[in-house]
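Chemist: Provided below for reference: sequence and predicted model.
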Amino acid sequence: MTAVDGPPEPPREAAPPRPRRVLHVLKYYRPAFTGEGVFLERSSAVMQEILPGVGHDLLVTHTPRPAEDPAACSTLGRVIYLADRPLGTVRREIRMVAWFIANLHRYDTVHVRTHADWYFLTYLLTRLARRRLVISATLDDSLPVLTQQYRASLRKWAARGFRLFDGFISISPKLDAETRTVADAARCHLIPCGVSIPAVQPDVRAGLRAELGIGAEELVLLFVGGLGARKDPLFLVRALPRILAARPDVRLLLVGPVLEDAHLWAIQDEMGRSGLAGRVILAGEQRNPHPYFAASDVLVFGSHLEGFGTVVPEAMGHGLPVVVRHLPGVNDSFVLDDETGFLFTDEDGYVAAVTRLATDAALRGRIGAEGRKLARARFGMRGVAHRYLSVYGFDAPPLPPEETGLGATASVLDHRFHEPISAPAKAQPLLITMVDAEEAFDWSAPFRRDAPDVTSMAAQALAHRVFERHGVVPLYLVDYPVATQDAGRAPLREFLASGACEIGAQMHPWVTPPFNEEVNERNSYAGNLPVDLELAKARCLTDTLAETFGTVPRIYRTGRFGAGPRTADILKSLGYLADSSVTPHWPPDGVVGGPAANWAFSARPYWADRERTLVEIPVSAALVGRLAGTRAERLAPWLLGPAGRRLHLGGALARLGLLERIRLSPEGMTLEEAKRLTRHMLAHGHRVFVLTYHSPSLAPGNTPYVRDAAQLERFLGWLDEFYTFFREEAGGRFGSWQEVRGQQLAPPRPAILAAA
């Protein structure tokens, strides 16, 4: 190379590949109840864990769009309803075809979970677009059965139409055997419904039993399913007196929605005639049935028709012995008499099996243990999800040895799951001080694992002089290096022992074990990590903090505000009650799947799940100025984002008083800006404020905000003056994050249905 050649140009990065997506098609969708819908919600979460780069959307063809988006699963990117009201067959078909023409290009695979296109037009469009096409048999809909539903003159054409499919999935041996009589065996796949068994807290059994009025020693028979003739819980009620004759303290717990009013009335009549009002509990529909498995002793299931009957292996996975009606080719391959459960064909067989279990605790233990082993080995959701991805045409990586057991019912980032927590208009403003207690590192250099300097924690005493003057008890969000080194944890232990602070968790993934990822910019955001690794790091951090400080942390923050699509699910699984990983109008640029709409986030706290167990408490930040709250505010992502920074638009807009974004922090914000932000937020109804900064800022030279002693003095003066302003001018007070969660308590469980 000659001197005039100059250095070689760096290789150009290839354009990112088009995101891969699967479209699932269902006729009827009722989240948390409809069998195939529930399985889709659970399996999509696990498929997302195995292949995070593959997205999943759901098209619902027959169920009209509900008034409120149920937001049942955080890993279904979109739930699309074909219509807002019931449609006739022809109109529905026209709308389906139009939708497929407009949207099919977005997807790699279409999985028809219930035969929805009787004219085969959308199936044909899918094949013409060279998309993979898969159909499921889930109840009584194997290919021969589907073909027989057409008029005799059309059956030949229907059979040819089904040849358009690349794959035929059956969830039971019976359905698979029927489909193989008319389809190429190479295209047939027997894939049962998988089960996910989340960890249930030890005290759930006793707590739920007490809530339902069930004694600790009473024997509970559990039924989970819709109250209707096909599932036939009435059969279980009619047989109960014979079981009570052998064991008088038996309770029958029926969990599920009412599908047929007449069936419910028949159950209530039977309860009245047989004197069972105190023995049968109608618990209604429950979004999460797992606590009811934990609170019960035996699953009883008398359904007359099932494609698979997921509730049975689910109960087995919880270690419950099962007594179920024999459905040949459906449940006899895993409910093995006197080994993993009992099958019955009539009332005498049912009563005999239940009576044996009711009167023999050792038998219940043996059957439950064997059933648990079989269910988890054969129906574990990871293996099932992996097989689905293969049928979809994706190369999935080898499976990790353990399942995460996570649900997908919460999201820090997805607005569909959020419900604001409103404070009374005249409530006294509350200020919470949160300190990111972390190691010092060079913010401009690449991330490293070998530089966990936590000596700046000794300097926190400087801020505590200010805190004590104002009665502030800060929350330290502690990361792993601080918790595991005496220089970091010792000062915090002293503050905690004297009641001068609270302790929460902060995740810096690059310095938190296990170290299974490459250290780089992308992986510095916890939400970008594989879900099982993000969970493992969060669990390690949580356990370490509990051991270090003698208290289990209940509030969490992802370092760099890098929450991901499953962070909320992880926090729920670990028992967290609150998160503070959102800074409105400061979206982290490097989070994969992070919302560009982060600019639209409000600083108001909100529930991150429909069960109201996890609350998000954002850092206080807002857009302030004459353009704030107007249509022009929609331009903020461009005006104040990377493009605007290159053109120095932010400074110009701020000087003109038009638009500026301000965060409540002494780092990079002047005291006047903080006051302006507070007045703006108060005027717009905010009553919860979060002030935050990084602990290394109290040792000069660690952060860009405090380089010398003079800047440190101004930093501490900022805190002192702001607390005075907040108390005296804003009329506020200083308190704990726990008060936010207490403003609106979680609702009670749905009321137990009273027997008429």
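Modeler: Noted; the coordinates are in hand.

Chemist: Tell me where the stretch 601-750 of the chain has helices.
Modeler: All helices of the stretch 601-750 of the chain, identified by DSSP state H, counting those that start in this stretch, fall at 636-639, 642-646, 649-655, 671-683, 709-728, 738-742.

Chemist: neighbouring contacts of the longest one?
Modeler: Contacts made with helix 709-728 from outside it, assessed by CB atoms under 8 Å, 6 or more residues apart in numbering, are listed as 429, 431, 462-463, 465-466, 469-470, 472, 666, 671, 674-675, 678, 689, 691, 697-698, 700, 705-706, 732-734. Just so you know, the C-beta spots here come from the backbone N, C-alpha and C atoms, and that holds for glycine as well.

Chemist: Strands along the stretch 1-150 of the chain, start to end?
Modeler: 20-26, 54-60, 78-81, 109-112, 132-137 (DSSP state E, counting those that start in this stretch).

Chemist: how about the third one: buried residues?
Modeler: Judged by neighbour count using 16 or more other CB atoms under 10 Å, the buried positions of strand 78-81 are Val79, Tyr81.

Chemist: chain center to that strand, what's the gap?
Modeler: Taking CA atoms, centre = their mean, to the nearest Å, one finds the center of strand 78-81 at 18 Å from the center of the full chain.

Chemist: likewise the fourth one?
Modeler: Between the mean C-alpha location of strand 109-112 and the chain-wide mean there is a distance of 23 Å, by CA atoms, centre = their mean.

Chemist: Then the first one?
Modeler: Counting by CA atoms, centre = their mean, strand 20-26 is centred 19 Å from the centre of its parent chain.

Chemist: Could you tell me which strands that strand is paired with, and in which direction each runs?
Modeler: Here strand 20-26 is paired, per DSSP bridges, with strand 54-60 (parallel), strand 109-112 (parallel).

Chemist: With distance to Glu494, mean pLDDT and mean neighbour count as extra columns, can I get the helices of the stretch 601-750 of the chain in CSV?
Modeler: Formatted as CSV, those follow (distance: least, CB to CB, whole Å; pLDDT from 0 to 100; neighbours: other CB atoms under 10 Å):
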stretch, distance to Glu494, mean pLDDT, mean neighbour count
helix 636-639, 43, 82, 18
helix 642-646, 42, 80, 12
helix 649-655, 41, 85, 15
helix 671-683, 29, 97, 18
helix 709-728, 20, 98, 16
helix 738-742, 22, 89, 17
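
Chemist: Ser602: which of the ones you listed is closest?
Modeler: Closest to Ser602 of the helices of the stretch 601-750 of the chain, according to CB to CB: helix 671-683, at 9.7 Å.

Chemist: would you put the C-alpha positions of that closest one in PDB?
Modeler: Once non-C-alpha atoms are left out, helix 671-683 reads as follows in PDB (Å, rounded to 0.1, in the frame of the first residue of the first chain):
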ATOM      1  CA  LEU A 671     -31.900  24.100  39.400                       C
ATOM      2  CA  GLU A 672     -34.100  26.500  37.500                       C
ATOM      3  CA  GLU A 673     -34.800  23.800  34.900                       C
ATOM      4  CA  ALA A 674     -35.800  21.400  37.700                       C
ATOM      5  CA  LYS A 675     -38.100  24.000  39.200                       C
ATOM      6  CA  ARG A 676     -39.600  24.700  35.800                       C
ATOM      7  CA  LEU A 677     -40.200  21.000  35.200                       C
ATOM      8  CA  THR A 678     -41.900  20.600  38.700                       C
ATOM      9  CA  ARG A 679     -44.200  23.600  38.100                       C
ATOM     10  CA  HIS A 680     -45.100  22.200  34.700                       C
ATOM     11  CA  MET A 681     -45.900  18.800  36.000                       C
ATOM     12  CA  LEU A 682     -47.900  20.100  38.900                       C
ATOM     13  CA  ALA A 683     -50.000  22.200  36.600                       C
END
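
Chemist: For Leu254, which of the helices of the stretch 601-750 of the chain is the nearest?
Modeler: Smallest distance to Leu254 across the helices of the stretch 601-750 of the chain (CB to CB): 32.9 Å, for helix 738-742.

Chemist: which other helices and strands contact the closest one?
Modeler: Applying 3 or more CB pairs under 8 Å, 6 or more residues apart in numbering; DSSP states H and E, we find helix 738-742 packed against strand 430-437, strand 578-579.

Chemist: closest one to Ala362 among those?
Modeler: strand 578-579 (44.1 Å).

Chemist: What is the closest one packed up against?
Modeler: strand 555-558, helix 567-573, strand 615-616, helix 738-742.

Chemist: List the neighbouring strands of that strand plus their orientation.
Modeler: Applying DSSP bridges, one finds strand 578-579 paired with strand 555-558 (parallel), strand 615-616 (parallel).

Chemist: circling back to that earlier point, can you put the strands paired with strand 20-26 in TSV and add mean pLDDT, mean neighbour count and distance to His304?
Modeler: As requested, those are exported to TSV (pLDDT from 0 to 100; neighbours: other CB atoms under 10 Å; distance: least, CB to CB, whole Å):
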stretch	mean pLDDT	mean neighbour count	distance to His304
strand 54-60	94	22	27
strand 109-112	97	24	26
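
Chemist: And the average pLDDT for stretch 292-311 is what?
Modeler: For stretch 292-311, mean pLDDT is 92.

Chemist: Using CSV, lay out the strands paired with strand 20-26 together with distance to Leu659.
Modeler: Output for the strands paired with strand 20-26, formatted as CSV (distance: least, CB to CB, whole Å):
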stretch, distance to Leu659
strand 54-60, 34
strand 109-112, 44
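
Chemist: now for those strands, which one comes closest to Tyr576?
Modeler: strand 54-60 (25.9 Å).

Chemist: Need the contact partners of the closest one.
Modeler: In contact with strand 54-60 (CB under 8 Å, 6+ apart) are residues 19-29, 40, 44, 47-48, 75-82, 99, 106-107, 389, 392, 394.

Chemist: Show the buried residues in those residues.
Modeler: Of those, these count as buried by 16+ other CB under 10 Å: 21-27, 29, 40, 44, 47-48, 75-77, 79, 81-82, 107, 389, 392, 394.

Chemist: Check which helices and strands the lowest-mean-pLDDT helix or strand in the chain sits against.
Modeler: Within the chain, no helix or strand scores below helix 642-646, which has a mean of 80 by mean pLDDT, DSSP states H and E. Using 3+ CB pairs under 8 Å, 6+ apart, no helix or strand is in contact with helix 642-646.

Chemist: What ranges does the stretch 301-450 of the chain have for its helices?
Modeler: 311-317, 347-358, 361-379, 381-391.

Chemist: again with the stretch 1-150 of the chain
Modeler: With DSSP H, counting those that start in this stretch as the criterion, the stretch 1-150 of the chain has helices spanning 35-50, 89-103, 121-128, 143-148.

Chemist: Sketch out the low-pLDDT regions of the stretch 201-350 of the chain for me.
Modeler: 201 (pLDDT under 70).

Chemist: correction: the chain
Modeler: Looking along the chain with the criterion set at pLDDT under 70, you get 1-18, 31-35, 70-71, 198-201, 401, 590-598, 600, 743-756.
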